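Peer 1: I would like the atomic coordinates for the input below:
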Amino acid sequence: MAGLCVEKYGAELISVRLDGTHPERGNRTPEQAVEVVKSVLKAVDVPLIVTGHNYFDRINDVMKAVAQACAGENLLLNWVEQNNYRTIAGVAIAYGHCVVAQAPIDVNIGKQLNILLTNMDMKQEQIVMDPMTGALGYGIEYTYSVMERIRQTGLGGDKMLAGPLIVAPGQECVKVKEFKASEKDFPAWGDLSKRAALWELSTALGLLYAGADLLIMSHPDAVRELKSAISKLMDGQK
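Peer 2: Have a look, this model is predicted:
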């Protein structure tokens, strides 16, 4: 699947979501997680994002195992947060990886987490910020305003808010009714595949314009149109 995403759909990074290690969603072991990550590393040549979950006791063990087994691969360990950052940040430093610093749509918490990470001797270039978001129609306007504040403050000289931003439109859209409700139940909503692609694309474009640097996507059609939009933006800068 990772190879198909890169070769057919032009993915520039791959996010491996280790949701199956959650005790209530598969309870897979850290060793099984390592096997999955290594298989993807072997299959593709693009950078890898390793995405976890918020069951701290398990994901800390999983990230430790993955970081150690893939030492030097410069993985992006996704994520650390204010109440759970020391273990994952520690293994990222020890084994040569980067981290996603996730804050709950709050500029001050985001900045404070970056300060805590740099106080652990993590380099700023090893930190990617996740401001957290929702899908189109589900609070995205608030995220947009927070991302703008982060960008403006960073451009104004605050180094702790000048790093890259990562968002996950695909994962957020999968949660909402409009993205997955069947045509049979809601015939007026139109073709499900087109609707899903447009919902994810609209979400992604808003976050892109707000300053997102990395976007984790799901729908191939949305990916294609997003890449086209980015190309047009970049051409306009020349």
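
Peer 1: please pull out the lowest mean pLDDT helix or strand from the chain.
Peer 2: helix 220-237 (a mean of 89; mean pLDDT, DSSP states H and E).

Peer 1: quick one: list the elements packing against it.
Peer 2: helix 192-210 (3 or more Cβ pairs under 8 Å, 6 or more residues apart in numbering; DSSP states H and E). To be clear about C-beta, it is placed using only N, CA and C from the backbone, and glycine gets the same treatment.

Peer 1: which residues touch the following helix or strand past the helix it packs on?
Peer 2: Downstream of helix 192-210, the first helix or strand assigned by DSSP states H and E is strand 214-215. Residues from elsewhere that reach strand 214-215 (Cβ atoms under 8 Å, 6 or more residues apart in numbering): 13, 49, 128, 164-169, 204, 207-208, 226.

Peer 1: same deal with stretch 21-40?
Peer 2: So stretch 21-40 is in contact with 2, 14, 16, 18-20, 48, 50, 52-53, 55, 58-59, 61-62, 64-66, 69-70, 75, going by Cβ under 8 Å, 6+ apart.

Peer 1: next one: that stretch to chain centre, how far?
Peer 2: With Cα atoms, centre = their mean, to the nearest Å as the basis, the distance from the averaged C-alpha position of stretch 21-40 to the chain average is 18 Å.

Peer 1: element containing Val16, please.
Peer 2: Applying DSSP H and E, one finds Val16 within strand 14-17.

Peer 1: can you list the strands that that strand pairs with?
Peer 2: Strand 14-17 has the following sheet partners, assigned by DSSP bridges: strand 48-51 (parallel).

Peer 1: how about the strand it pairs with as PDB, C-alpha atoms only?
Peer 2: Extracted as PDB, the C-alpha positions of strand 48-51 are listed here (Å, rounded to 0.1, in the frame of the first residue of the first chain):
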ATOM      1  CA  LEU A  48       8.300   8.100   7.200                       C
ATOM      2  CA  ILE A  49       5.900   9.500   9.800                       C
ATOM      3  CA  VAL A  50       5.100   7.100  12.600                       C
ATOM      4  CA  THR A  51       1.700   8.000  14.000                       C
END
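
Peer 1: list the buried residues in the next helix or strand after the strand holding Val16.
Peer 2: Where DSSP H and E defines the elements, the next helix or strand beyond strand 14-17 is helix 30-43. Within helix 30-43, the residues that qualify as buried are Pro30, Gln32, Ala33, Val34, Val36, Val37, Val40, Leu41, counting by 16 or more other Cβ atoms under 10 Å.

Peer 1: check stretch 83-92 too.
Peer 2: Asn84, Tyr85, Thr87, Ile88, Ala89, Gly90, Val91, Ala92.

Peer 1: for the third one, which non-adjacent residue is closest in space?
Peer 2: It refers to Thr87. Closest residue in space to Thr87, ignoring its immediate chain neighbours: Asn60 at 4.4 Å, by Cβ to Cβ, 6 or more residues apart in numbering.

Peer 1: name the nearest of the buried residues of stretch 83-92 relative to Gly139.
Peer 2: Nearest to Gly139 out of the buried residues of stretch 83-92 is Asn84 (Cβ to Cβ; 23.2 Å).

Peer 1: adding pLDDT, write the buried residues of stretch 83-92 out as CSV.
Peer 2: Formatted as CSV, the buried residues of stretch 83-92 follow (pLDDT from 0 to 100):
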residue, pLDDT
Asn84, 96
Tyr85, 97
Thr87, 96
Ile88, 97
Ala89, 97
Gly90, 97
Val91, 97
Ala92, 97
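
Peer 1: just to revisit the earlier point, show me which of the contacts of strand 214-215 are buried.
Peer 2: Leu13, Ile49, Val128, Leu165, Ile166, Val167, Ala168, Pro169, Ala204, Leu207, Leu208, Leu226.
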